[in-house]
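*Asks:* predicted model and sequence below, questions to follow.
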Amino acid sequence: MTSSAAGPMVVIGLGNPGSQYAKTRHNIGAVVLDTLAARAHGSFSAHKRSNCDVLSARLGDRAVVLGKPRSYMNESGGPVVNLARFHSVAPTDVIVVHDELDLDFGVVRLKRGGGEGGHNGLRSISKSLGTKDYVRVRVGIGRPPGRMDPASFVLKPFAAAERDEIAVSVEDAADAVELVVRLGLEDAQNRLHGP
């Protein structure tokens, strides 16, 4: 079942601001949004009322607002809720693209709701929206090697050997966002996850 076709959907790509974070694992959500923006032949501009970089576009026949919070990851909720409210978008029509430690490297999965798995960006969004009932596009980055602290691991750049594979995952995640927008979550999950 697709969400109400009347208004836009808000698609959020999580990351940290600043060039020092641009190529880190934690910023994979923002990279996916850059890919969607390139597909829409658009560019982001600052939206002061939400504290996001935004781009209004169409994916298929549905209007979307692509948003990259300009805050640090653990403060993503404020910009997300401000952007959703500005466009009168319900939490159920918010899609959040983020890195996922609990998925193998390169795996892309869709879900609605559930726990945050220690992800501070998701925790902030759930708290600010007052619900966990939003769609997540989860991009697997795998677990840290050895005893490395997960907080350190997510702030490290991808290794050279991982870069080609993560580029494919970014395209897969962008495809997954488009599937959710066009088909609704359940049909998109069936298409992406298989039987």
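*Replies:* Ah, there it is.
*Asks:* name the residues of the helix or strand harbouring Val177 that are buried.
*Replies:* Per DSSP states H and E, Val177 falls inside helix 160-183. Using 16 or more other CB atoms under 10 Å as the test for burial, helix 160-183 gives 162, 166, 169-170, 172-181, 183. Just so you know, the C-beta spots here come from the backbone N, C-alpha and C atoms, and that holds for glycine as well.
*Asks:* again, but for stretch 71-78
*Replies:* 71, 73, 76-78.
*Asks:* Ser126: which of the buried residues of helix 160-183 is nearest?
*Replies:* Val180 (18.5 Å; CB to CB).
*Asks:* what sits closest to that closest one if chain neighbours are left out?
*Replies:* Ala188 (4.5 Å; CB to CB, 6 or more residues apart in numbering).
*Asks:* next, count neighbours for that neighbour.
*Replies:* 22 (other CB atoms under 10 Å).
*Asks:* quick check: mean pLDDT across the host helix or strand of it?
*Replies:* Assigned by DSSP H and E, Ala188 belongs to helix 185-193. The average of the pLDDT scores along helix 185-193 is 93.
*Asks:* pull the residues that contact that helix.
*Replies:* Helix 185-193 is contacted by residues 1, 108-112, 135, 176, 179-180, 182-183 when judged by CB atoms under 8 Å, 6 or more residues apart in numbering.
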